[in-house]
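Engineer: One predicted model, sequence on top.
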Amino acid sequence: MENKLAEKIERLEAQLPRWEKWLYACYGASFTLLAHAFIKYYENTILSEALFFIEEKAGLVWSSESLPMFDQYTYDLSLVYISPGRLVFWLVIQIVTLAGAAILAFHPTWRKTTLSKRLGLIFGYLLAGWITLLSLGAHDPLNADGGYTALVIIYLIALGLGYWWLRRKKEKAEEIFL
């Protein structure tokens, strides 16, 4: 019975390099989203300046009488600025990165392996999730409210403290048995 468990643990540990490859894919997607967010921020800034310039030169006046005329205009602008397709793509990447961390941390099958062998992967997926979360506000930092900023900072602090705490316990345990 113990031999079967040891074989199962060895097979699980042999799958860890596959999880590392998926982690690299998550990092690639996260950094791509972050780079795209910076580009989108620049494009939105240029677009806003151009539209305000055109409105000013055309003499458009926002009033209660002209409001129905601007409904379609503001709706189209909101689609350009917010990009619903980008938000769906962001959500998929965020779920994939956090699901990878959750599976490695909490799934009963993976809990049979030692935490030290999967700790780096778990925190790697969580860091990729943080980068993905950061990219959400990077495309429009002026409209990112305090709640989002607090979430990003608390996530990063919790990630760093959690990693430090778990690594500290491991190092102390090794020193005791030397």
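Structural biologist: Perfect, thanks for sending it.
Engineer: where does this protein have low pLDDT?
Structural biologist: Segments of the chain classed as low confidence (criterion: pLDDT under 70) are 1-2, 61-70, 169-178.
Engineer: Next one: the one residue sitting closest to the centre of it from Phe89, what distance?
Structural biologist: When C-alpha atoms, centre = their mean is applied to the chain, the residue found nearest the centroid is Thr132 (2.1 Å). Spatial separation of Thr132 from Phe89 under the definition C-beta to C-beta, to the nearest Å is 10 Å. Any C-beta I mention is one placed from the backbone N, CA and C, and that applies to glycine too.
Engineer: Now the common contact residues for those two.
Structural biologist: Residues touching both Thr132 and Phe89 comprise Leu33, with contact defined as C-beta atoms under 8 Å, 6 or more residues apart in numbering.
Engineer: which ones are touching the residue nearest to the centre of the chain?
Structural biologist: For Thr132, the contacting residues are Ala29, Ser30, Leu33, Leu34, Trp90, Ile93, Gln94, Thr97, by C-beta under 8 Å, 6+ apart.
Engineer: how distant is whichever strand or helix holds it from the center of its chain?
Structural biologist: When elements are defined using DSSP states H and E, Thr132 is found to belong to helix 115-138. Average the C-alpha atoms of helix 115-138, do the same for its chain, and the two points are 8 Å apart (C-alpha atoms, centre = their mean, to the nearest Å).
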